[in-house]
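In: need coordinates for the below:
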Amino acid sequence: MSHGKIREEKNCLNCGHQVEERYCPHCGQENIETRQPFYYLFTHFIEDFTHYDGQFWGTLKNLMFKPGALTRTYLEGKRQKFVPPVKLYIFVSFITFFVFALFPLVTINFNNNKNNGDPDKANISKKIRALDTKKITDSIKTKTILTQEDSATIETLNVLPDAAKIDDLEDAFEMDEKIDKDVLYRGYKTRRAYDSAAAKNPSAFDFIQTPLAHKFFELKEKGVTKAEIVKSLSETSFHNLPKALFIYLPLFAFFLWIFHNKKRWWYFDHGIFTLHYFSFLLLNILFVFLIAKLASLTDIGILNSILYLLLCVLLIYIIAYFFIAHRRVYHTHGIVSFIIGGILFTLNFFTFMILVVGLALISFLMIH
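Out: Prediction:
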C-alpha cells in the first residue's frame, strides 16, 4: 500500500473522473499529491516491487520452496495473488546482477614469483628438477634381477614429470608475463602469415577462426599480459551473461514445447514455466555466489566445511527442483516425467554450454 499523501481534490489528474477513495475507478491511477518528499522516490520503488501487503514475499516463498506452485497457480487463472512472471524475472535479474556488480567475481593474486612465492612448492619443484629420472631408471634396469622395490621405484619415477615439463607448466601460469613473440597460432607466427595461408586454403570455419586469429595477433603485438587477458575476459563474459540468459529463455521454452502435447500445452504455458524456473535459477546463482564469497573470506575450517556442504546441497536442490516442478506442472507419471525431464535437462545443459562457449569467444573478441 502506498504511503503518498492523498489529494484533497477528488478529480483524477490522469482521466478527469471522480475519485471517491484512493484509486480512480476508471483508470486506476492513485489520487495522491504530485509533489512528494525526495525519499518517496526510493520508498515507492521498493513498494512497487515488494508490495508490503505480502505479494512479493509470498511469491518468493512459493518460488523457492514449492517447485511448480507459481506456474500451476498462474495457469489456473489465479494471477492477482502473486507477482507476474515477467515482472518477477526482471526484478530478480536486477537484484542478482546488481549484487554481482558490487563485488569482484574473482580475486586473483598474480604473483611475480614462480610458485606464487610458496617456499614449499618451490623446494618441491627444485627437488624434482634435481632428479635425473631417466638416469636413475636406466641404472636400475641394468640390474640382472629386479626386486619388487626396484619395480616400485621405476613406476614412481615414471609418474614424476621431467624438468622440461615443469618449466612449461610454470611458464604457462606466469600470469604477469606477456604473450611470447615465438608463440604460434595454428602454426603461424604473424597475422600476415596466417592470412596468406588462409587465402590459399580457405575453410568453412574461417568466419570463426579468422577473427580469433586476428585478435590473438593484435593482443600479441600490444604486449598484453596473461593476467590482463584473464581479467578482461572474465569481466566481459560477466557483462554478457544477462544477455545470454535472456536469449536462452525462448529456447528453453521451445524445448518444453517439443516434448509435450501441443493441444494441451501452448507455447505461452511453457514460457510461464521458463520464467519462473529462470527466476529460481538466478536467485540460487546469487546464493551460490554469496556462499562462495563468504567461504573465500574466512579461514575457519569448520565454518568453511559448513559453507561448502551448504553449497553442495544447494546445487543438488537446483537440479532436483526442475524435475519436481516439471512433474507438478505437467502432471505426468513419475517414470515418464523423470525420463522427459532427464532428456530436457541434458539437452538444455549441452545447448547452454554451446551458448557459453560462444559467449566466451565473443568475450575474447571484445578484449581491448
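In: the closest residue to residue 190 other than its chain neighbours: how many residues sit nearby?
Out: Using Cβ to Cβ, 6 or more residues apart in numbering and skipping residues adjacent in sequence, the residue nearest residue 190 is residue 217, 6.6 Å away. From N, CA and C alone the C-beta is placed, and that goes for glycine too. Neighbourhood size, residue 217 [other Cβ atoms under 10 Å]: 20.
In: any idea how many residues pack against residue 264?
Out: 9.
In: need the pLDDT of it.
Out: Here, the pLDDT recorded for residue 264 equals 88.
In: from memory residue 344 sits against residue 254, does it?
Out: No. When contacts are counted by Cβ atoms under 8 Å, residue 344 is not listed as touching residue 254 (11.0 Å).
In: the two: which is more packed in?
Out: Higher neighbour count among residue 344 and residue 254: residue 344, with 19 against 13, using other Cβ under 10 Å.
In: quick one: low-confidence parts of the stretch 101-250 of the chain?
Out: Within the stretch 101-250 of the chain, the ranges that satisfy pLDDT under 70 run 104-185, 226-227, 234-242.
In: domains for the protein, by residue range?
Out: 1-39, 51-110+225-368, 114-203 (automatic domain parsing).
In: how close does the residue nearest to residue 190 get to residue 207?
Out: Distance of residue 217 to residue 207, given as Cβ to Cβ, to the nearest Å: 17 Å.
In: also residue 354?
Out: In terms of Cβ to Cβ, residue 354 sits 16 Å off from residue 207.
In: so what's residue 71 up against?
Out: 272, 273, 276, 325, 329 (Cβ atoms under 8 Å, 6 or more residues apart in numbering).
In: do residue 10 as well
Out: Here residue 10 is in contact with 18, 19, 20, 31 (criterion: Cβ under 8 Å, 6+ apart).
In: cool, residue 271 as well?
Out: 249, 250, 253.
In: doesn't it belong to a helix?
Out: Yes. Counting by DSSP: H, G, I helix; E, B strand; the rest coil, residue 271 falls inside a helix.
In: pLDDT score assigned to it?
Out: For residue 271, pLDDT reads 94.
In: likewise for residue 323?
Out: Residue 323 is given a pLDDT of 92.
In: buried set for the helix or strand hosting it?
Out: Assigned by DSSP states H and E, residue 323 belongs to helix 301-330. Of the residues in helix 301-330, 307, 321, 322, 323, 325, 326, 327, 328, 329, 330 count as buried by neighbour count, 16 or more other Cβ atoms under 10 Å.
In: can you check stretch 8-28 too?
Out: Buried residues in stretch 8-28, counted by 16+ other Cβ under 10 Å: 12, 19, 24.
In: adding secondary structure, pLDDT and distance to residue 100, write the residues you listed out as CSV.
Out: As requested, the buried residues of stretch 8-28 are arranged in CSV below (DSSP: H, G, I helix; E, B strand; the rest coil; pLDDT from 0 to 100; distance: Cβ to Cβ, whole Å):
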residue, secondary structure, pLDDT, distance to residue 100
12, coil, 88, 41
19, coil, 88, 43
24, coil, 88, 40
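In: dump those into CSV; add distance to residue 80 as well.
Out: Formatted as CSV, the buried residues of stretch 8-28 follow (distance: Cβ to Cβ, whole Å):
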residue, distance to residue 80
12, 22
19, 22
24, 18
